[in-house]
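Asks: Need coordinates for the following:
(chains A, B and C)
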Amino acid sequence: MPVLYALIVATLFPFALGPEDALLQRIAGGVVLVTVLLAMLLALDAMFRSDIEDGSLEQLVLAPQPLALMLGMKILAHWFTTALPLIVIAPLLAGMLHLPVQVMGVLMLALLLATPMLSLLGAVLVALTAGTRRSGMLLALMLLPLCVPVVIFAAGAVAAAQQGLPWVAPIAWLGAALVLALVLAPLACAAALRIALDA
Amino acid sequence: MTSAHAIPLLQARGLSFLRADEPVFGPLDFTLHPGELALVEGDNGSGKTTLLRQLAGLLHVDEGELQWRGQPWNRDACAGEVLFLGHQLGLKMDMSPRENLHIAAGLHGARDGRDAASVLAEVGLAGYEDEPVRRLSAGQKKRAALARLLLLPAVLWLLDEPYANLDRAGIALVNRLLEAHVAGRGAALVTSHGAVSFHGGEPKRIRMHD
Amino acid sequence: MSKWIPLWLHKLGSPPIFYRFAGTLRPWFLALALIAGAIGLYGGLVLAPADYQQGDAYRIIFIHVPSAWMGLFIYGVMAVASFIALVWRIKLAEAVAMESAPIGAAFTFITLVTGSLWGKPMWGTWWTWDARLTSELVLLFLYLGVIGLYHAFEDRRQGARAAAFLAIIGIINVPIVHFSVNWWNTLHQGSTVRILGPSKISMDMLWPLLTMMVATKLYYVASLFGRVRADLLELEGGKDWVRRIATGEQATGEQA
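Replies: Numbers count the residues shown, from 1 in each chain, chains lettered A, B, ... in the order given. Model (predicted):
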């Protein structure tokens, strides 16, 4: 589903902006990143939804295992099922928007670092809304401030590569942030879940 | 059966739960020793489910005191020793009872000499081991959840309405499980609206309100 | 509870005592805020000389800059109160954190509006993706997220705890956003307009600005006290002290 959504959004851009190669080429990197982000947001809401409904999240919380570790695994599984397919079709989307082939590698690298960040940050917020029913719009509102830096650095790297400038710095920043998020986000997610379920 | 001097498994003093500062129940005082069964009695909305969720560690305790084996209750001390079975059964609908049990055993560990197939046969789900839970009837789903009680090595069972959705044989099954558990020095807290016929000594009764 | 918390502070944490304490102080804070605000505005709008570059348009800073400071300051207060609320489960801290959020959001909104009003004569556009304005916009979203999450829960205290957690995540995020937006701005070679610039601000302009800053702080405290009082009445609805206040007010109402 997220893949189809991303495909639709990316297809709409040329219709809205006109099919000139130069224009599309300039915005391609940003459009692909934002499209992937929105598609992930679409799937984020469902991360714990079914587990809450059938009560298996309660069993997970009560199990004698570190909750953060189990949630980390859940986040990983979520990333595999939603973000990885998006990364796979990203070159297709970028190609439709005439992103230069040399930049493609940087785009993929940026996506590989940015999407786990979004999954991890998103999981914390989804956990916070676990006790509520309407959460789709709220989730977007809460995620926006958190993903601004991610988008800036990921798109910055792609833009820099496109202009022939060094792009390693923003990628390195993304990588550093990802390492930090990998360690902290599951812990924060567990704490948030306990608060939202009132444990 | 139990000596009065033995350390109780679970002890509550003045336990209550507040939601928006309105007491949902309590204050409650009770003790539960290993080998004891307690029935939680009360009308709809009297807080039976809330009490069980609190004892399981899903809700916080802010008034009153709760002790586990003589020590102040904490999550890590009783993790793995408590098994909670609520209204939501905690079964993955797309997986089979066998796979669901594998997940549970993976999280909690299994009792010695028990495996998924034998406990599923014991709760009357022989032949349905590999059917997706989605396709089972409500009573069969309940039985699949009850199979967890047999497989996992928990001391304290917290069962919320274990008789709901079950036929007469199913009710007898729950009673049989409880009797065996209590005989094996396990303890259980059970909520139920209806009169429960329990053949194994008179159970304790916890009244939610006087 | 730790021993280093003085006893009176401990007592102040109890809702009925805070209710009375805030009720007594609130009119004073409000009056002082209005007086300081009037002096500050008079000083800023009338007494201070026109800027040699910007003319009279710069005078909006007497609203814009104090609001911007307050937007950040209140976020800090909210995060600290949130931390206290999460760690010690103090009801008053929850109320302070959650009632700060709308006030902070309002100040941030004022900052954005005045910023864009100022931008029109200065930069010739209502909105520019200037680093500060963008950070301010993100700050507004952080506030809205906290408010939204608080109201999404049926149980208010649970909502307060969840939103408090979000506020703490947000305060970690604020410097990251600021840094990344700055970097982004230089990357895209946008027009980096220095608002206050390195130029020395003259005393005639500085004192009204500082007076306005004091006025907004006082107003925040007064407003917070009022909101927290109302919040406590609602949260503690079933308690005796609230019942006494309600019946007391009824009695005086009947007399009058």
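
Asks: phi, psi of whichever residue of the stretch 101-250 of chain C sits closest to chain B?
Replies: Scanning the stretch 101-250 of chain C for proximity to chain B using Cβ to the nearest Cβ identifies C:Gly238 as nearest, at 5.6 Å. Every residue, glycine included, has its C-beta placed from N, CA and C. Phi and psi for C:Gly238, reported as degrees, to the nearest 10, are phi -90, psi -10.

Asks: Please tell me how far it sits from B:Glu63.
Replies: In this structure, C:Gly238 and B:Glu63 are separated by 14 Å, where distance is defined by Cβ to Cβ, to the nearest Å.

Asks: cool, C:Glu236 as well?
Replies: For C:Glu236, the distance to B:Glu63 under the criterion Cβ to Cβ works out to 15 Å.

Asks: Between the two, which is the more surrounded one?
Replies: Remark: of C:Glu236 and B:Glu63, C:Glu236 carries more neighbours, 19 against 12, as counted by other Cβ atoms under 10 Å in any protein chain shown.

Asks: Surely that one and C:Val242 touch.
Replies: Yes. C:Glu236 sits in contact with C:Val242 when judged by Cβ atoms under 8 Å, with a separation of 5.1 Å.

Asks: Tell me if the helix or strand that A:Phe153 is a member of is near chain C.
Replies: Element membership for A:Phe153 (DSSP states H and E) is helix A:136-162. Yes. Using Cβ under 8 Å from any Cβ of the partner chain, helix A:136-162 comes into contact with chain C via A:138, A:141-142, A:144-146, A:148-149, A:152-153, A:156, A:159-160.

Asks: ranking these by neighbours, who comes first?
Replies: Going through the residues of helix A:136-162 next to chain C with other Cβ under 10 Å as the criterion, the one with the most neighbours is A:Met142, at 29 neighbours.

Asks: Test my guess that B:His87 contacts B:Pro162.
Replies: No. Taking Cβ under 8 Å as the contact criterion, B:His87 and B:Pro162 are not neighbours in contact, 10.7 Å apart.

Asks: quick one: which of those two has more around it?
Replies: Higher neighbour count among B:His87 and B:Pro162: B:Pro162, with 25 against 9, using other Cβ under 10 Å.

Asks: give the contact list for the more buried one.
Replies: With contacts taken as Cβ atoms under 8 Å, 6 or more residues apart in numbering or on different chains, B:Pro162 has the following neighbours: B:Leu85, B:Lys142, B:Leu146, B:Val174, B:Val190, B:Ser192.

Asks: Which secondary structure state does it sit in?
Replies: B:Pro162 falls in the coil class when you classify it by DSSP: H, G, I helix; E, B strand; the rest coil.

Asks: Please tell me how far it sits from A:Arg133.
Replies: Applying Cβ to Cβ, one obtains 28 Å for the distance of B:Pro162 from A:Arg133.

Asks: Run the chain-centre distance for stretch B:131-140.
Replies: Stretch B:131-140 has its average C-alpha position 21 Å from the chain's average C-alpha position, going by Cα atoms, centre = their mean, to the nearest Å.

Asks: From C:Ala22, how far off is C:Ala215?
Replies: Taking Cβ to Cβ as the measure, C:Ala215 and C:Ala22 are separated by 19 Å.

Asks: Next: B:Ala144.
Replies: Here the criterion is Cβ to Cβ. By it, B:Ala144 lies 56 Å from C:Ala22.

Asks: and these two? which has more neighbours close in?
Replies: For B:Ala144 versus C:Ala22, the count of surrounding residues by other Cβ under 10 Å is larger for B:Ala144: 25 against 21.

Asks: Can you verify the more buried one is assigned to a helix?
Replies: Yes. If the criterion is three-state DSSP, then B:Ala144 is within a helix.

Asks: List the residues that contact it.
Replies: Counting by Cβ under 8 Å, 6+ apart, the residues that B:Ala144 touches are B:Leu89, B:Leu91, B:Pro97, B:Asn100, B:Leu101, B:Leu120, B:Val123, B:Leu125, B:Val133, B:Leu136.

Asks: how about those residues, which pair is most distant?
Replies: Using Cβ to Cβ, the contacts of B:Ala144 reach their maximum pairwise distance at B:Leu89 and B:Leu120, which is 14.6 Å.

Asks: which one of the two has more residues nearby?
Replies: Legend: neighbour count by other Cβ under 10 Å for B:Leu89 and B:Leu120, higher for B:Leu120 (25 against 22).

Asks: got any ranges where chain A has weak pLDDT?
Replies: Per-residue confidence of chain A (counting by pLDDT under 70) places the weak regions at A:134, A:199.

Asks: Which positions in it make contact with chain B?
Replies: Near chain B, the residues belonging to chain A are A:53-56, A:58-65, A:197-199 when assessed by Cβ under 8 Å from any Cβ.

Asks: Can you pull up the residues of chain B that come close to chain A?
Replies: Chain B comes close to chain A at residues B:56-60, B:79-80, B:82, B:84, B:86-93, B:104, B:107-108, as judged by Cβ under 8 Å from any Cβ.

Asks: can you rerun that using 7 Å?
Replies: Taking Cβ under 7 Å from any Cβ of the partner chain as the test, the list of chain B residues beside chain A reads B:56-60, B:79-80, B:82, B:84, B:86, B:88-93, B:107-108.

Asks: what are the ranges of the helices in chain C?
Replies: Under the criterion DSSP state H, chain C carries helices at the ranges C:7-12, C:15-42, C:61-88, C:91-123, C:131-152, C:156-187, C:203-235, C:240-255.

Asks: Give the other helices and strands that the fourth one contacts.
Replies: Identification of packing neighbours for helix C:91-123 by 3 or more Cβ pairs under 7 Å, 6 or more residues apart in numbering or on different chains; DSSP states H and E yields helix C:15-42, helix C:61-88, helix C:131-152, helix C:156-187, helix C:203-235.

Asks: distance of the spatially most central residue of chain B from B:Lys142?
Replies: Nearest to the centroid of the C-alpha atoms of chain B, with distances taken as Cα atoms, centre = their mean, sits B:Leu158, at 2.3 Å. Remark: distance between B:Leu158 and B:Lys142 (Cβ to Cβ) = 16 Å.

Asks: Right, and chain B sits closest to which residue of chain A?
Replies: Checking chain A residue by residue against chain B with Cβ to the nearest Cβ singles out A:Gly55 as nearest, at 2.6 Å.

Asks: Might you report the residue contacts of A:Leu97?
Replies: Contacts here follow Cβ atoms under 7 Å, 6 or more residues apart in numbering or on different chains; on that basis A:Leu97 touches A:Ala10, A:Phe13, A:Leu24, A:Ala28, A:Val31, A:Val32.

Asks: Find the residue closest to it in space, skipping its chain neighbours.
Replies: Nearest non-adjacent residue to A:Leu97, counting by Cβ to Cβ, 6 or more residues apart in numbering or on different chains: A:Ala28, 3.6 Å away.

Asks: Figure out the helix or strand that the one you found lives in.
Replies: With secondary structure defined by DSSP H and E, A:Ala28 is part of helix A:21-44.

Asks: For that helix, list every residue counted as buried.
Replies: For helix A:21-44, the neighbour count (16 or more other Cβ atoms under 10 Å in any protein chain shown) marks A:24, A:26, A:28-37, A:39-44 as buried.

Asks: repeat for stretch A:8-16
Replies: A:Val9, A:Ala10, A:Phe13, A:Pro14.

Asks: quick one: which of these is nearest to C:Leu149?
Replies: Closest approach between the buried residues of stretch A:8-16 and C:Leu149, by Cβ to Cβ: A:Val9, at 26.9 Å.

Asks: Can you pull the phi/psi pair for the closest one?
Replies: Residue torsions, per degrees, to the nearest 10, at A:Val9 are phi -60, psi -40.

Asks: Could you verify my assumption that it touches A:Val34?
Replies: No. Counting by Cβ atoms under 7 Å, A:Val34 is not a contact partner of A:Val9; they are 8.4 Å apart.

Asks: The residue nearest to B:Phe25 when sequence neighbours are not counted: what's it in contact with?
Replies: Taking Cβ to Cβ, 6+ apart, and ignoring the residues beside it in sequence, B:Phe25 has B:Gly47 as its nearest neighbour in space, at 3.2 Å. Contact analysis of B:Gly47 by Cβ under 7 Å, 6+ apart lists B:Phe17, B:Val24, B:Phe25, B:Met208.
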